[in-house]
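Enquirer: structure for the following, please:
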Amino acid sequence: MTAAQRLRELLLPLVAGFGALALTLVLWQHEQQANQAAMAAHFDASVRQTAARIDQRIAVYTQMLRGVQGFFRASDLVNREDFATYVDALAQGPEFAGLQSLVYSRAVPGPDGLHAPMIYAAPDLTGNQRAVGHDQMIDAARRAALLHARDSGTLAISQRLRLHSDTQDGPESAFILYLALYRHDRPLNTQAERRDALTGWVQAAFRMKDLMSSLAGETPPGLDVQLYDGIEPHPDALLYDSRGGQDAAAPVRFEGREFVAAAGHDWCLVVRSQPEFERRFGSKAAEIVLIAGISLSALIAALVWQLITCQTRALAQARSMTQELRENAEVMRLMAQHDPLTLLPNRALFSDRLQSVLARARRDTTRAALMFVDLDRFKPVNDAYGHAVGDDLLREVSRRMKLCLRESDTLARLGGDEFVVLLAPVDAADDARIVAQRILQTVEEPFYIADHRLSVSASIGIALYPDQGVDDLALMKAADDAMYVAKDRGRGRMVFAGDPAPA
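Expert: Purely as a prediction, here's the structure:
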């Protein structure tokens, strides 16, 4: 064995192995990118769902508060026991988790301005009862929300604040929703009228920590969630942090923001992924591809080494067999999907294309046209000049018809002298009419085959999607029926499905 032969025995297996390894790396990178995109999509959906659940929970609080407002509107004699009983019955269920208290405050004018002492508080907890009697107008954040609710007649929400039931050294991570109460017999059309008719407020207080904790079971695991008061995630505006103030231990792969609007007040939701999120929603396909690819590369290299060490004749035979298999597979595929005479798509391939076009037309709300084309006077030509001339005529007809179509259109032979044309997309029936007219004209021109001058014509039936059918069977039947109508009317013409018979 020469040095060149030894070099070939070593070089070719290495080239084959490294080639397969390179392909493996490409596939591995593709799977990583696909996995990254899938996790990113799931993360974005989780961020939007978390924001939507916060918004829904605030909406529940709002509806409950409107119920309390309606309770006071229905009766002028609501005492403490009535209020507590109504609130206890109203606030049952997990959707009210995070709610600290429902309070009724009375509007008390005074020489130094308006006061808003808390009169009733429910549920009957020690912290809530400790706040009874407190004048909310003393606090700037509460006063601004109270006055906004009074003047607007709509829901108002305070800025971030600390509840009276919380310790003074705790974080300011609570909010209060306010609705104003007015006298029943007074008009409320203007701001001045609403101020004059004011009797008090009902309010709902809730802690962000309790609210967010109640959503934990509805949020995908592996996410860090922070909520800020305002549209910027500033540390001084932090309302809630699922990490408890601790910095993330691992690098963050995904981060997203959403804004939650409640009663004209904006919150900024910041969500970051944790390694648990990637482990839960990530895919192992990339690792599988890498391991399998490396193994396959080694196997290919070993196989190539085995092949090139065999005799030259065995290698040539293997190449010949491989080429023959490829050619046979291509011929079989072509025969299975194409007409052997004209090489046009056959009925099976055309059916697949028709279903695909109709599915795309339904999705994009576009139109399509289906034509059944049958040659007139073909049988006499076949009988007079033989099947060889008839076959040449069919090939020439198919060639001319293809010149009348766009690349996106499909021409197929169903058998004998029957053809079908699929036009997609089309804007109107006139588009199909123009193409059908071209086909009629080109088919009517004489054919010169084997020193014979042959003349045929075509009868064309046209059906439009979705006018004459919304599925392939209905559309094909409509076009076939229209084609027979064209033959009955004298041949050499086109007829649209559903066209009335001429007078």
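
Enquirer: and Ala45, that one's in a strand?
Expert: No: under DSSP: H, G, I helix; E, B strand; the rest coil, Ala45 sits outside any strand and is assigned helix.

Enquirer: how close does it get to Gln36?
Expert: For Ala45, the distance to Gln36 equals 15 Å [CB to CB, to the nearest Å]. C-beta coordinates here come from the backbone N, C-alpha and C atoms, glycine included.

Enquirer: who has more neighbours, those two?
Expert: Gln36 (16 against 12; other CB atoms under 10 Å).

Enquirer: check contacts around the more buried one.
Expert: By CB atoms under 8 Å, 6 or more residues apart in numbering, no residues touch Gln36.

Enquirer: confidence score at the closest residue to Asp55 other than its chain neighbours?
Expert: Closest residue to Asp55 apart from its sequence neighbours, by CB to CB, 6 or more residues apart in numbering: Val260 at 5.4 Å. pLDDT for Val260: 86.

Enquirer: and the nearest residue to Gln274 once chain neighbours are set aside, its phi and psi?
Expert: Excluding its sequence neighbours, the residue lying closest to Gln274 (CB to CB, 6+ apart) is Gly222, at 4.6 Å. Phi and psi for Gly222, reported as degrees, to the nearest 10, are phi 90, psi 20.

Enquirer: do you know how far Gly222 is from Leu211?
Expert: In terms of CB to CB, Gly222 sits 21 Å off from Leu211.

Enquirer: the two - which one has more neighbours?
Expert: Neighbours per residue, other CB under 10 Å: of Gly222 and Leu211, the larger number sits with Leu211, 25 against 17.

Enquirer: separation between the more buried one and Arg367?
Expert: 52 Å.

Enquirer: just Asp430 next, same as before
Expert: 12 Å.

Enquirer: and these two? Which one has more around it.
Expert: It is Arg367, of Asp430 and Arg367, that has more neighbours when counted by other CB under 10 Å, with 19 against 9.

Enquirer: show me the helices in the stretch 401-503 of the chain, by range?
Expert: Secondary structure of the stretch 401-503 of the chain (DSSP state H, counting those that start in this stretch): helices located at 429-444, 472-488.

Enquirer: packing partners of the longest one?
Expert: To tie it back to what came earlier, the one meant is helix 472-488. On a contact count with 3 or more CB pairs under 8 Å, 6 or more residues apart in numbering; DSSP states H and E, helix 472-488 meets helix 347-364, strand 367-376, strand 457-465, strand 494-496.

Enquirer: mind putting these in TSV, distance to Leu473 and mean pLDDT included?
Expert: Converted to TSV, the helices and strands packed on helix 472-488 look like this (distance: least, CB to CB, whole Å; pLDDT from 0 to 100):
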stretch	distance to Leu473	mean pLDDT
helix 347-364	10	93
strand 367-376	11	96
strand 457-465	11	96
strand 494-496	19	95
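
Enquirer: nearest to Val426, out of these?
Expert: Val426 sits nearest to strand 367-376 of all the helices and strands packed on helix 472-488, at 5.0 Å, using CB to CB.

Enquirer: who's in contact with Ala368?
Expert: Per CB under 8 Å, 6+ apart, neighbours of Ala368: 357-358, 361, 422-426, 464-465.

Enquirer: all the helices of the stretch 51-200 of the chain, residue numbers only.
Expert: So, for the stretch 51-200 of the chain - with DSSP H, counting those that start in this stretch - the helices run 80-90, 126-130, 140-152, 191-197.

Enquirer: please identify the most buried of those.
Expert: helix 140-152 (a mean of 19; mean count of other CB atoms under 10 Å).

Enquirer: counting by contacts, list what that helix packs against.
Expert: Applying 3+ CB pairs under 8 Å, 6+ apart, one finds that helix 140-152 contacts strand 156-157, strand 174-182, helix 191-197, strand 198-207.

Enquirer: just the CA trace of the next helix or strand after the last one, in PDB.
Expert: Just to be clear, that refers to strand 198-207. Next helix or strand after strand 198-207 toward the C-terminus (DSSP states H and E): helix 208-214. Output in PDB follows, covering the C-alpha atoms of helix 208-214 (Å, rounded to 0.1, in the frame of the first residue of the first chain):
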ATOM      1  CA  MET A 208     -49.800  44.400  47.500                       C
ATOM      2  CA  LYS A 209     -47.800  41.600  49.200                       C
ATOM      3  CA  ASP A 210     -51.100  39.800  50.100                       C
ATOM      4  CA  LEU A 211     -52.600  40.400  46.600                       C
ATOM      5  CA  MET A 212     -49.500  39.200  44.800                       C
ATOM      6  CA  SER A 213     -49.100  36.200  47.100                       C
ATOM      7  CA  SER A 214     -52.700  35.100  46.300                       C
END
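
Enquirer: what's helix 208-214 in contact with?
Expert: By CB under 8 Å, 6+ apart, helix 208-214 touches 54, 57, 94, 97-100, 173-175, 225, 227, 239-240, 242.

Enquirer: among the residues you listed, who's most crowded?
Expert: Highest neighbour count within those, by other CB under 10 Å: Phe175, with 28 neighbours.

Enquirer: check contacts around it.
Expert: 157-161, 205-206, 208.

Enquirer: now do the buried residues in stretch 395-410.
Expert: Residues of stretch 395-410 classed as buried by neighbour count (16 or more other CB atoms under 10 Å): 396-398, 400-401, 404-405, 409-410.
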